[in-house]
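[1] Coordinates only, no sequence provided:
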């Protein structure tokens, strides 16, 4: 498992924002009275998503050989130029295929998204 920084496992995440034109996806654990910062997981150049709206106690993992074959069959082509990232929530594995991703702590307002704010947009 690719470990998230300390304190992420006790946070609730949700699919927060998706921009079709740029293939940008934001999964966020919003700040609260108990936590002063958002945890934002940003994906770029999305090719495939298999993900529920709400996620608890997440971990990131690399795809197994079986998951790589599954994604390649879904896409109808090899995913060689993109990374398959697995988000594990409550023991269930969810797939995201994107060129790359970043994990950031932010202090953005609830409905602000970090793509332009952090200079991370592909455009």
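    Nice, thanks for sending it over. Since the structure is predicted, the reported quantities are computational estimates derived from the model, not experimental observations.
[2] so residue 87, which of the three states?
    Recorded secondary structure, residue 87: strand (DSSP: H, G, I helix; E, B strand; the rest coil).
[3] Now do the contacts for it.
    Each residue near residue 87 by C-beta atoms under 8 Å, 6 or more residues apart in numbering is listed here: 27, 51, 55, 58-61, 93-94, 96. Every C-beta, even on glycine, is put in place using the N, C-alpha and C of the backbone.
[4] pLDDT value on it, please?
    We have a pLDDT of 92 for residue 87.
[5] any idea how far it is from residue 36?
    Here residue 87 is placed at a distance of 24 Å from residue 36 (C-beta to C-beta, to the nearest Å).
[6] what do you get for residue 55?
    21 Å.
[7] likewise residue 12?
    Distance from residue 12 to residue 36, by C-beta to C-beta: 16 Å.
[8] who's more crowded, the two?
    The neighbour comparison of residue 12 against residue 36 (other C-beta atoms under 10 Å) goes to residue 12, with 14 against 9.
[9] what sits against the closest residue in space to that one that isn't next to it in sequence?
    Among residues not flanking residue 12 along the chain, residue 56 sits closest, at 5.5 Å (C-beta to C-beta, 6 or more residues apart in numbering). Going by C-beta under 8 Å, 6+ apart, residue 56 touches 12-13, 89-90.
[10] where does residue 56 fall, phi/psi-wise?
    Per-residue torsions, residue 56: phi -120, psi 150 (degrees, to the nearest 10).
[11] and if you look at the one 10 residues further on?
    Main-chain torsions, residue 66, degrees, to the nearest 10: phi -60, psi -40.
[12] in this structure, which spans are strands?
    12-19, 24-29, 38-44, 48-50, 54-56, 58-62, 83-89, 92-98, 100-106 (DSSP state E).
[13] can you redo those strands as a markdown table with distance to residue 75?
    A markdown table is the format used below for these (distance: least, C-beta to C-beta, whole Å):
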| stretch | distance to residue 75 |
| --- | --- |
| strand 12-19 | 18 |
| strand 24-29 | 16 |
| strand 38-44 | 16 |
| strand 48-50 | 6 |
| strand 54-56 | 23 |
| strand 58-62 | 18 |
| strand 83-89 | 10 |
| strand 92-98 | 7 |
| strand 100-106 | 17 |
